[in-house]
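S.K.: Let me see the structure of the following:
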Amino acid sequence: MLVRFTLLTCLSLLLSTSSFRLQSYLNQQIQSNHFTASQLAFAVSLNIKSGQYKMLERLQKGSRQWLAIARDLAKTDGNISWQLAVLAKQKDEQRDHQFWFKQALEQGSIMAINAYAEDAIEQLAFAAPPRSNQLYQQAKSYLNLAIEQSDRDGFVQSVTLSVELAVGNGDSTWFAGLLPLLKATDKPELRALYAQLSDFSIIKGDTLNLQALPIKNQQYSAIEGIERPNQCAYPIQFFAGDLRHLQNLNQKLNRINHQAFFSEHFCFLPPKYLAHQQMQCDHQATGRIDCKVEKPLQKHREAGFMGFVTNPGNANVNNGTLFIDDFDSAQVIEHELLHLIGYIDEYPLPKQHSACLQNDTVAIAKNIVVDNQSVFSGDMDARQQLKDVIPWFSLIKEQTPITHKTDKGYVLGTPKAYRQEVGVFLANTCQRQKQNAFKAVFQPTKLEYFEADLPTSYQHKTLSELEKFHMPLSAL
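M.R.: Below you'll find the model as predicted:
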C-alpha cells in the first residue's frame, strides 16, 4: 500500500512539472511569435493569457469565441472590460453595457474613465447641488487615477478633461497640480492647451485666475488675427466659465466676424475666463439667463458691451449685456447682437412687454413701427405724416404704397403685391397685445428666425447709423 501511494505521488509531481514546463514553453513560443495554430488553440484551452490575447487579435470582434475569451480576460483587464462595454452599447444591450462599464471603471480603464468624465461634463451643465458636487468629485477621483497612466493611450484626453473640470469648477488646488503636466510635456496637444489657458486669461502666473477681469484700456483687436482698429464704436467682451465654452465661443465669433455687417459694427475682444462662482448666473434651463456679476465688473470697464456664456438657459439681452449659453449657435448670437444696436424681435413679444403699448404711430426700434389703427385720407397723407417716424422711410420707393384702402379709409400696410420691395409690412412683434406692428420687408428675417438672413435694407446705413435705439454701452 505504501509503495502504491509513493508511485502515485511521484507521478503527480512529474505531471505537474511537465504541465508547468509545457505552459512555459507555449507562452514563450507565443510571445516570440513562433507558434502553430494548434499550439495557439492548445494554449487557449489551458487559459494561458498570452494565447488568449493573441487569439482575440485573430478572431472577429463580437463572435461567440471572441466573447468567451474576452469575458475571461475581463476579470483582470479593464481594457477588455471597456471593449465589452462598448460592444454591448453598440448592440443596445444596456444591462451588459452598464455591468462592463462599471467593471472597467473599477479596474482603472483609462478609456472608461475618459468616457465617464465626458458624460459628467455634459451632466454638470444641467445639474444643481448636491448632484453637481457628487458628479464633480467622482469624475475628479477617477481622472486622478487616469493621469497616473502616462504611458497609456487616452492619457492626453485624461489631462485635458481634468483641466476642463478644474477650470469649470474654479478648483484652483486641483488645477495647480495639473499645470506641471502641461508645462513639462512633449505632447503637442497639451502644449496647445497650455497656450489656450493663457490666451483666455484662465491662468494668472501659474495659478487659476479667479479674479474679475478688468476690461479697461484693452486693445480692441478682433479674434483669430483679423485686424481691426484700436478704437471701435461697439467693442464687446465675452466671458465664459468653462474652457470648452471659451473654445466654442471663439469659433462662433470668428464666423460672425467674417460677415461684413457684424465686423463693421462690433469689435470682438478675445473671450476671457470668469469662474462660474463669480458669474452667479441663474441655472434654470427653461428660464432667462441672468447673471449678477455685471456690477462688480462695471467699475473696471470703459464704454463697451459685455456678454456672458453660461450653462443652459434662454438667451437674452438686458440693458447692454448679452447672455447666451454654450448650446446657442452663431445665428443666435447674431440675433442677440442686433438687439444691442437697436433692433427688436419680430416674433411675438410677451404680453406684458411695454414696447407695444403705444397710443400713437411710433418707432419702437430700428426695424419696427407700432401703429394704433391710424386712418389716413390717402397714401400721400400717410407719407407726409410718417416720413419722420418710419426709420427706413428713405428706402421706400415713391411708387411703393405704404397704405391700403379699407372701409374706414387708408390704413398702414403695403399691399402684398409689393412683397419684393421695401415697404411697411405687418410684423408679429405686438401680436399678443393686439397691436399692429410693421417692418420694412415682407419675408421673415433674422429678428424672427435665427436661421433667416438679415435683409439688405436692415443693413443700410440709414438704419445702422441710427443710434437712437441703441442699448447703453456702459449703464447696467
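S.K.: my guess is residue 322 is in a strand, correct?
M.R.: Yes - counting by DSSP: H, G, I helix; E, B strand; the rest coil, residue 322 is found in a strand.
S.K.: show me the residues around it that make contact.
M.R.: Neighbouring residues of residue 322 by C-beta atoms under 8 Å, 6 or more residues apart in numbering: 236, 238, 305-308, 315-316, 333, 336-337, 339-340. Using the backbone N, CA and C atoms, a C-beta is placed for each residue, glycine as well.
S.K.: Need the buried ones from these selected in ChimeraX.
M.R.: Entered in ChimeraX, the line below selects the buried ones among the contacts of residue 322, by 16 or more other C-beta atoms under 10 Å:
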select :236,238,305,306,307,308,315,333,336,337,339,340
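S.K.: Identify each of the helices in the stretch 51-200 of the chain and give its residue range.
M.R.: 64-73, 78-90, 94-106, 110-124, 131-146, 155-168, 172-183, 188-199 (DSSP state H, counting those that start in this stretch).
S.K.: And the stretch 351-476 of the chain, by the same measure?
M.R.: Going by DSSP H, counting those that start in this stretch, the stretch 351-476 of the chain shows helices at 379-386, 456-459, 461-464.
S.K.: Got the phi and psi for residue 207?
M.R.: Phi and psi for residue 207, reported as degrees, to the nearest 10, are phi -130, psi 160.
S.K.: Tell me how many other residues crowd it.
M.R.: Residues contacting residue 207 under the criterion other C-beta atoms under 10 Å number 11.
S.K.: what separates it from residue 50, distance-wise?
M.R.: The spacing between residue 207 and residue 50, counted by C-beta to C-beta, to the nearest Å, is 48 Å.
S.K.: pLDDT at the closest residue to residue 381 other than its chain neighbours, what is it?
M.R.: Closest residue in space to residue 381, ignoring its immediate chain neighbours: residue 410 at 7.2 Å, by C-beta to C-beta, 6 or more residues apart in numbering. You'll see residue 410 listed with a pLDDT of 97.
S.K.: how much space between residue 410 and residue 426?
M.R.: The span separating residue 410 from residue 426 equals 15 Å under the rule C-beta to C-beta.
S.K.: And these two? Which one has more around it.
M.R.: residue 410 (20 against 15).
S.K.: list the contacts for the more buried one?
M.R.: Here residue 410 is in contact with 375, 376, 377, 378, 379, 381, 382, 403, 404 (C-beta under 8 Å, 6+ apart).
S.K.: Dig out what it forms beta bridges with.
M.R.: residue 376, residue 405 (DSSP bridges).
S.K.: Let the chain start at 27 from now.
M.R.: Noted, 27 is the first residue going forward, which turns the last one into residue 436.
S.K.: How much space separates it from residue 342?
M.R.: The gap separating residue 436 from residue 342 is 38 Å, by C-beta to C-beta.
S.K.: again, but for residue 414
M.R.: Here the criterion is C-beta to C-beta. By it, residue 414 lies 31 Å from residue 342.
S.K.: try residue 294
M.R.: According to C-beta to C-beta, residue 294 stands 19 Å off from residue 342.
S.K.: does residue 229 really touch residue 208, like I thought?
M.R.: No - Residue 229 is beyond contact range of residue 208, at 9.5 Å (criterion: C-beta atoms under 8 Å).
S.K.: Spit out the residues that contact those two alike.
M.R.: With C-beta under 8 Å, 6+ apart, residue 229 and residue 208 have common neighbours residue 223.
S.K.: mind showing which ranges of this structure have poor pLDDT?
M.R.: For the chain, the stretches flagged by pLDDT under 70 are 27-46, 53, 237-258, 309, 320-329, 499-502.
S.K.: domains of it?
M.R.: As given by automatic domain parsing, the domain ranges for the chain are 28-99, 136-234, 249-366, 380-490.
S.K.: Show me how far the longest one is from its chain's centre.
M.R.: In terms of C-alpha atoms, centre = their mean, to the nearest Å, the gap separating the centre of domain 249-366 from the centre of its chain is 13 Å.
S.K.: and if you look at the last one?
M.R.: With C-alpha atoms, centre = their mean as the basis, domain 380-490 stands 37 Å off its chain's centre.
S.K.: element containing residue 264, please.
M.R.: Under DSSP states H and E, the secondary-structure element containing residue 264 is strand 261-266.
S.K.: any residues touching that strand, and which ones?
M.R.: By C-beta under 8 Å, 6+ apart, strand 261-266 touches 239, 241, 244, 246, 272, 275, 279, 292-295, 297-300, 305, 319, 327, 330-336, 348, 352, 363, 366.
S.K.: Relative to that strand, what are the paired strands and their orientations?
M.R.: Strand pairing for strand 261-266, determined by DSSP bridges: strand 293-294 (parallel), strand 298-299 (parallel), strand 331-336 (parallel).
S.K.: Which among the contacts of residue 436 count as buried?
M.R.: Buried, going by 16+ other C-beta under 10 Å: 402, 405, 408, 429, 430, out of these.
S.K.: now those as CSV including distance to residue 492?
M.R.: As requested, the buried ones among the contacts of residue 436 are arranged in CSV below (distance: C-beta to C-beta, whole Å):
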residue, distance to residue 492
402, 24
405, 24
408, 21
429, 23
430, 27
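S.K.: residue contacts, residue 69?
M.R.: Contacts of residue 69 (C-beta under 8 Å, 6+ apart): 49, 52, 53, 56, 61, 76, 77, 78, 80.
S.K.: quick one: the first one is in a helix?
M.R.: Looking back up the chat, that one is residue 49. Yes - counting by three-state DSSP, residue 49 is part of a helix.
S.K.: and it, how many neighbours?
M.R.: 17.
S.K.: Surely it and residue 72 touch.
M.R.: Yes - contact status for residue 49 versus residue 72: in contact at 6.0 Å, counting by C-beta under 8 Å.
S.K.: Just send the domains of the chain back as CSV, with distance to residue 498 too.
M.R.: Converted to CSV, these look like this (distance: least, C-beta to C-beta, whole Å):
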stretch, distance to residue 498
domain 28-99, 62
domain 136-234, 26
domain 249-366, 5
domain 380-490, 15
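S.K.: Can you check which of the ones you listed gets nearest to residue 118?
M.R.: Residue 118 lies closest to domain 28-99 among these, at 13.3 Å (C-beta to C-beta).
S.K.: What segments of the stretch 227-376 of the chain are helices?
M.R.: 269-283, 286-291, 302-305, 320-324, 356-366.
S.K.: Columns distance to residue 462 on top of those, output as JSON lines?
M.R.: Output for the helices of the stretch 227-376 of the chain, formatted as JSON lines (distance: least, C-beta to C-beta, whole Å):
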{"stretch": "helix 269-283", "distance to residue 462": "33"}
{"stretch": "helix 286-291", "distance to residue 462": "28"}
{"stretch": "helix 302-305", "distance to residue 462": "40"}
{"stretch": "helix 320-324", "distance to residue 462": "35"}
{"stretch": "helix 356-366", "distance to residue 462": "22"}
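S.K.: Quick one: closest of those helices to residue 312.
M.R.: helix 356-366 (16.1 Å).
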